[in-house]
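Novice: no sequence on hand, only this structure:
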């Protein structure tokens, strides 16, 4: 099958004019996705994008595949229906921090709990963009927005923590200005069997410009981020001289060469560890901010569990048609 | 107390109405179901009405914890569970207190005297014991110490705990009623053997108590005679007893098989609709995907996703759930995808009366969404015809590519009656709009059928037909997002026109009994049985009354106005404050409609209706 699928990003580019604001990271995400899709080994007609409402949710219009721009917060539930109806499809949910963590919070946690094999890209810009600048469930305490002119007083969610609490099997995080790594993450998300959640730290140049600059700017990102790779030491920094060790119940940043620390003292990242304790610590870490695949633990998907039971019931059933059912049990003649 | 000579030959009756009442843990639903199933299998026509509290186990003996099951059986056509009772079976004082007024004067009450303790009398707010104070003098009271007799009957059966013993006293009552109405016990005995196949002792206990009750009644001097109700003259065929929720579920199963599509149900538990979900989760052998979602909104939106991907998708709920689904119903409508939304109506507003019936969601069904978002709205009218209307809902949505809202209600959903079984061959064809590939060059999302205006259904996996749909308004030809004012108006009108054109694929409205005359009785949905009985009675008295019952509500059948115009007066009867009446007035401005309404959480009684109708004719 794979050899017949020679797509390029153009095959996944629709004829619609993209209408995001100039300089928005959404353009980066779109192009990363269009580049990732040809690498996934899936047929174009089997790709389905479902979005909710918000800036990010215009995304499906720009991808030439099947797509639905739905209603606020409900994309995970719609996508679940698509996947249950046809498990052979490659199903993507496009959502934002307001869409998935406020109005759609319930669907977000339940889709993760059930573990259908679909992929969620969460555009987290810590603000409501399309409604013009209100604080969102990921806005920071003290953040001044249109609905918090004196500073936000609602503590934020950490999407990753929420996701792990909801039993997410796959969680990855990536800066909105690193297209190459992002493309690879999207491919990894598709390949992972189960619900994959990718949080993109997405800059909104209009209403929350620079909110991630201290983490994602080219000048600082190698020092402020740790890009995790499975089975590799937790090492970061421009000079590749910083790393993470466990000190008691906390992660600690150490410098290789100081206090006798060598690379072999650093933690080795195990994304496949079922116990999520260390993954949670990595998700919460403020310095450095963990990016890459933090957790990827495969288990049976919801549709696999359903299919197994359905198969068993079908095998043992004497019903081939509804007629068999209607005439079964207590019937009588008049 | 009235006494009668003992008579050995059963007296023949046309029809009887019996109500079993007791505590919500007394097993009255099971007792009633057994009696009605047995009677149906004997050949009687039947209609049942379970009436139970919202509390699962209300405090024992309390007035609000009383659970009842009413059954109407006859050798004649039975279209309602009946009104005035011929027999009341009472398991405790609270049940007597809350149900006595329904019993006809001079008729029989069977009472478990063991439950008439001081404590239970107090809980039922009786100042004195009705068994002693003469307040039952107008009735024939059969006092039986059922609990002690049950204990006595089971004293030699080893391995039974006290609770199981007391719980089988309902079978003592059932045994007595079986004898009184000359019924065979075998159906119930078989039922125990099957149900308790792994607990043979429970099967034995229940069987023993049932027989003890039967023989007790036979030898008891207090019961004057037994009655027989001959089999009714129903059309020949194979029957089964079915309630409205089961019939609804089965209608969708049939539609899925006929259309060749897989059935997807997205739902969230809600009274009184949950039984449709309970039924459909059983049918994985037909490939049914019944998905219990995290909330009402996910129930419908998962169904919208499944519909987008090519399944016959439905969602089931009751009034409060429909309110939550409103935005998503609008989405399905603008996406022009097939979807059936079933609303098993209950008493409202808000949580309202969850276990009681009402028809107060009609306006919500028609208009309860933002923007102009018309739906096809249809309603089932009896427990068994829920099968046909569920099937019809599926046919209409698949052929017209617009959502259908099917209204049933708690009364017909829980009520049961004989269903002459239909086979898949008996059902009309369903032609869905899916396209299986082909030339996609000139294809567009909003290519429409010239007759129905339905668009085609291109599902994911169909190469060349990749497209985007969404809640934003779309261009009428390209299917892309469009803010052009004229285009929005065009699309708004075409979506409405598409629903209007359903008129071409539905039958004419017919008036039963008379197609012209002095009075036309108009109803819709679950009130069919009551209205039919009332009009039948007046017609037999020689009055010129017709009965029109709407199953198609949006759009109305084409000839509706013509049918109305043949009658001098029209009365619209509804279990709400006049919702259909207001629509009819808006639509048929030349016609005068009067109303008869009831909002008590209860069905109409045929006699209250006929009394009202008579006042309009004079």
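Specialist: That came through fine. In this text, all values refer to a predicted model and were calculated from it rather than measured experimentally. Numbers count the residues shown, from 1 in each chain, chains lettered A, B, ... in the order given.
Novice: taking the stretch 301-450 of chain B, what residue is nearest to chain A?
Specialist: residue B:305 (2.6 Å; C-beta to the nearest C-beta). All C-beta atoms are positioned from the backbone trio N, CA, C, and that covers glycine.
Novice: what's the helix or strand for that residue?
Specialist: Using DSSP states H and E, residue B:305 maps to helix B:296-308.
Novice: before we move on, back to that, burial measure for the residue of the stretch 301-450 of chain B closest to chain A, as a count.
Specialist: 34 (other C-beta atoms under 10 Å in any protein chain shown).
Novice: same question for residue A:67.
Specialist: 26.
Novice: give the contact list for it.
Specialist: A:48, A:49, A:50, A:51, A:60, A:61, B:467, B:468, B:469, B:470 (C-beta atoms under 8 Å, 6 or more residues apart in numbering or on different chains).
Novice: next one: residue B:330
Specialist: B:369, B:370, B:371, B:373, B:471 are the contacts of residue B:330 under C-beta under 8 Å, 6+ apart.
Novice: cool, residue B:154 as well?
Specialist: B:160, B:165, B:168, B:205, B:208, B:209.
Novice: if we go to 6 Å?
Specialist: B:165, B:205 (C-beta atoms under 6 Å, 6 or more residues apart in numbering or on different chains).
Novice: please tell me how far it sits from chain A.
Specialist: 27 Å (C-beta to the nearest C-beta, to the nearest Å).
Novice: would you agree residue A:79 is in contact with residue A:119?
Specialist: No. Checked against C-beta atoms under 6 Å, the pair residue A:79 and residue A:119 is beyond contact range at 9.0 Å.
Novice: who's more crowded, these two?
Specialist: residue A:79 (34 against 23).
Novice: the more buried one: what secondary structure?
Specialist: helix (DSSP: H, G, I helix; E, B strand; the rest coil).
Novice: contacts only, for the closest residue to it other than its chain neighbours.
Specialist: In space, and not counting its chain neighbours, residue A:79 is closest to residue A:50: 4.4 Å by C-beta to C-beta, 6 or more residues apart in numbering or on different chains. Residues in contact with residue A:50 (C-beta under 6 Å, 6+ apart) are A:68, A:75, A:78, A:79, A:93.
Novice: cool, and residue B:391?
Specialist: B:251, B:254, B:255 are the contacts of residue B:391 under C-beta under 6 Å, 6+ apart.
Novice: tell me the domain ranges of the chain?
Specialist: Answering for chain A, as no chain was given. A:2-232+A:271-306, A:233-268 (automatic domain parsing).
Novice: meant chain B actually
Specialist: According to automatic domain parsing, the domains of chain B span B:11-229, B:240-426, B:511-617.
Novice: start to end distance for the longest one?
Specialist: End-to-end distance of domain B:11-229 (C-alpha to C-alpha, to the nearest Å): 9 Å.
Novice: one more: the last one?
Specialist: Using C-alpha to C-alpha, one end of domain B:511-617 lies 18 Å from the other.
Novice: which non-adjacent residue is nearest the residue of the stretch 301-450 of chain B closest to chain A?
Specialist: Per C-beta to C-beta, 6+ apart, closest to residue B:305 is residue A:81, 2.6 Å.
Novice: do the same with residue A:194
Specialist: residue A:169 is the one closest to residue A:194 (C-beta to C-beta, 6+ apart), at 4.3 Å.
Novice: work out for me the element the spatially most central residue of chain B sits within.
Specialist: By C-alpha atoms, centre = their mean, the mean C-alpha position of chain B lies nearest to residue B:412, the distance being 1.6 Å. Using DSSP H and E, residue B:412 falls within helix B:410-414.
Novice: what pLDDT, on average, does that helix get?
Specialist: Helix B:410-414 carries an average pLDDT of 96.
Novice: can you pull the buried residues of the helix or strand following it?
Specialist: Downstream of helix B:410-414, the next assigned helix or strand under DSSP H and E is strand B:416-420. If you call a residue buried by 16 or more other C-beta atoms under 10 Å in any protein chain shown, then strand B:416-420 has these buried ones: B:416, B:417, B:418, B:419.
Novice: then stretch B:48-57?
Specialist: Applying 16+ other C-beta under 10 Å to stretch B:48-57 flags B:48, B:49, B:50, B:51, B:52, B:53 as buried.
Novice: count the neighbours of the residue of the stretch 1-150 of chain A found nearest chain B for me.
Specialist: Chain B sits closest to residue A:81 of the stretch 1-150 of chain A, with a gap of 2.6 Å, by C-beta to the nearest C-beta. Residues near residue A:81, counting by other C-beta under 10 Å, number 31.
Novice: wait, it touches residue B:307, no?
Specialist: No. Using C-beta under 6 Å, residue A:81 is not in contact with residue B:307; the gap is 7.6 Å.
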